[in-house]
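Visitor: For reference, the sequence and a predicted model appear below.
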Amino acid sequence: MSTLTLNAQPASMSLSENPFIGTLKPPANETEEERVQRARALQDAQKVSRQIDESLQETKRLLDRRKNGIRILLLGQAESGKSAVLKNFQLAFTPNQFRKERGVWKTVIQLNLLNSVKTILNVLTDNIDAQLNTPPPSPGSYSNSYNSSKIRRLHLGLSPLLSMETSLNKMLFTETSSGSPEISLPAGSKWKSKLGFPSVSRKSSDDEEPDRLTNSQNALISTFSKLLEASKEDISSLWKDEEVQRTLEEREIHLRDRPGFFLDDVDRIASSHYQPTDSDIVRGRVRTVGFEEYHLVSESAAMKGSEFYITDVSGMRSSRSSWVPFFDDAQAILFLVPLVFNQMLDEDPRVNRVEDSLTLWKEICANVLLANCNIIVFFNKMDILRRILASGAQVRKYVPSYGDTPNETASVAKYFKDRFKAYHKKLSPKPRTFISHETSAIVSGFL
Ligand SMILES: Nc1nc2c(ncn2[C@@H]2O[C@H](COP(=O)(O)OP(=O)(O)OP(=O)(O)O)[C@@H](O)[C@H]2O)c(=O)[nH]1
Ligand SMILES: [Mg+2]
């Protein structure tokens, strides 16, 4: 480290030769008072010099330690599963630390659950509006069990919970510029500190420690949980209602494939005594804003002392230019590609998710800063791909070049793998091996 050796004082240099301290030499005709002042200034200067030396030593020690660790950068579009992979690393290498955070996920997961409820209510309300504006094809042909008065009653019943959800989101999370209804995480794990759990990340795009929640804010969280419990039956019957399921199907809204889906577990999650499981935490959705680096020191005896430095970033299109400073340091990049060929980007509903991943992939492959970096592709969300294909969706409808290739999981995965591999070969500045895995990052323990 040239800057370290340039700034450090050579051991052979005496204090009086030090140019910094040398300016404190006694002037001619110095009075006693001036001499005392100068001695004090000299002592202060020596103290500062020692502190600088110590901090340089500490920086060097940390840099050496970091060099021996495994430095991983997680990349991929928003919702590709980067934070889910990070949580899997935590679960695999630092399970005790991971489980200590269990409590802070309760509120997040309960808010995720309510987000799905809001989506259903919005769809039903839109549906009723549409029916009111269009006369039925034949009298009585709309037999909607969730008619407008039922929806209004449901809205009314859930309104204290919904308004409390708005307050909680404001209190704990960041509003995104995309206007997304999802909860967003202000630069990593700082929200966990708010909820009383000390941050474990090394550095992030927001290093300010937030204030802990006040008693009244904690009371709000606990009231929210109790209100949710009181609404459990309403939520459960809403989700199980056949008419609701049919409406969602007609509108092609597949809630199970969306981030933070917990409606199949209402009874368990909407209980005030609910404790999230490992799998719940991995599935919990909080959109990453900015970046955060996590330092993991393996807790297992087999890998004792192994260290990982994992950087998790936001995958939003508007955030991707801020990834570049991390390229220099990364030893390995895990590049997440969710194979959800029938989904569009939230940020731009005209852009297909897999096409966006391919565009991003080409840029990453061609980047000269990453010429020596190992890049591993995780073709993620394989469980969702299987569900999409089982529902009968045809790949060629969304990706015309797929043509008449069989519409089944293995063929679809191979087709996309071949495309990513071809660009990797064509665009890499130097030859390197293409490595990929098919993953479902919500399956805890997949690593
Ligand atoms: N079904 C399924 N869900 C997944 C999988 N991987 C991630 N998810 C879920 O998809 C959602 C988005 O995952 P995240 O890990 O938050 O995505 P991200 O890439 O960190 O997204 P940003 O922070 O917005 O950049 C979460 O609710 C995850 O639980 C998967 O393989 N299968
Ligand atoms: Mg994330």
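Guide: All right, it came through fine. Ligands and ions are numbered 1, 2, ... in the order given.
Visitor: Just the element for the nearest residue to P27 once chain neighbours are set aside, please.
Guide: Once flanking residues are discounted, P27 sits nearest to E34: 7.5 Å by C-beta to C-beta, 6 or more residues apart in numbering. Bear in mind the C-beta positions are built from the backbone N, C-alpha and C, glycine included. Per DSSP states H and E, E34 falls inside helix 32-68.
Visitor: Need the mean per-residue confidence for that helix.
Guide: For helix 32-68, the mean pLDDT works out to 86.
Visitor: And it, what's buried?
Guide: By neighbour count on 16 or more other C-beta atoms under 10 Å, the buried set for helix 32-68 is 45, 56.
Visitor: Name the next helix or strand downstream of that helix, please.
Guide: The helix or strand immediately downstream of helix 32-68 is strand 70-76, counting by DSSP H and E.
Visitor: Around L73, count how many other residues there are.
Guide: For L73, the count of nearby residues is 25 (other C-beta atoms under 10 Å).
Visitor: burial count for the closest residue in space to V117 that isn't next to it in sequence?
Guide: Excluding its sequence neighbours, the residue lying closest to V117 (C-beta to C-beta, 6+ apart) is I235, at 5.6 Å. Counted by other C-beta under 10 Å, the residues lying close to I235 total 23.
Visitor: where does the stretch 1-150 of the chain dip in pLDDT?
Guide: 1-25, 131-148 (pLDDT under 70).
Visitor: Let me see the ranges of the helices in the stretch 251-400 of the chain.
Guide: With DSSP state H, counting those that start in this stretch as the criterion, the stretch 251-400 of the chain has helices at 266-269, 278-283, 353-366, 382-390, 395-398.
Visitor: hmm, who's touching the third one?
Guide: So the one you mean is helix 353-366. Helix 353-366 is touched from outside by 75-77, 80, 317, 320, 333, 335, 337-341, 343-345, 370, 375, 377, 398-399, 416, 419-420, 423-424, 426-429, with contacts defined as C-beta atoms under 8 Å, 6 or more residues apart in numbering.
Visitor: And the chain, split by domain according to the record?
Guide: 2-63, 71-94+298-438, 102-283 (automatic domain parsing).
Visitor: Close to ligand 2: what parts of the chain are there?
Guide: Contact residues (C-beta under 5 Å from the ion) of the chain with ligand 2: 82-83, 288.
Visitor: Now for the residue of the stretch 1-150 of the chain found nearest ligand 2: which residues touch it?
Guide: Proximity to ligand 2, evaluated over the stretch 1-150 of the chain using C-beta to the ion, is greatest for S83 at 3.2 Å. Applying C-beta under 8 Å, 6+ apart, we find S83 in contact with 74, 286, 288, 312.
Visitor: Widest-spaced pair of the residues you listed?
Guide: With C-beta to C-beta as the measure, no two of the contacts of S83 lie farther apart than L74 and V286, at 14.7 Å.
Visitor: Give me the more crowded residue out of the two.
Guide: Comparing L74 with V286 by other C-beta under 10 Å, the one with more neighbours is L74, at 27 against 24.
Visitor: Can you tell me the closest non-neighbouring residue to that one?
Guide: With C-beta to C-beta, 6+ apart, the residue lying closest to L74 is K82, at 4.0 Å.
Visitor: Can you point out the buried residues in the host helix or strand of L228?
Guide: Per DSSP H and E: L228 is located in helix 215-230. Going by neighbour count (16+ other C-beta under 10 Å), the buried part of helix 215-230 is 217, 220-221, 224-225, 227-229.
Visitor: could you redo these as JSON lines and give each row pLDDT and distance to H295?
Guide: Listed next are those as JSON lines, based on pLDDT from 0 to 100; distance: C-beta to C-beta, whole Å:
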{"residue": "Q217", "pLDDT": "80", "distance to H295": "29"}
{"residue": "L220", "pLDDT": "86", "distance to H295": "33"}
{"residue": "I221", "pLDDT": "88", "distance to H295": "29"}
{"residue": "F224", "pLDDT": "92", "distance to H295": "33"}
{"residue": "S225", "pLDDT": "93", "distance to H295": "32"}
{"residue": "L227", "pLDDT": "93", "distance to H295": "38"}
{"residue": "L228", "pLDDT": "95", "distance to H295": "35"}
{"residue": "E229", "pLDDT": "96", "distance to H295": "38"}
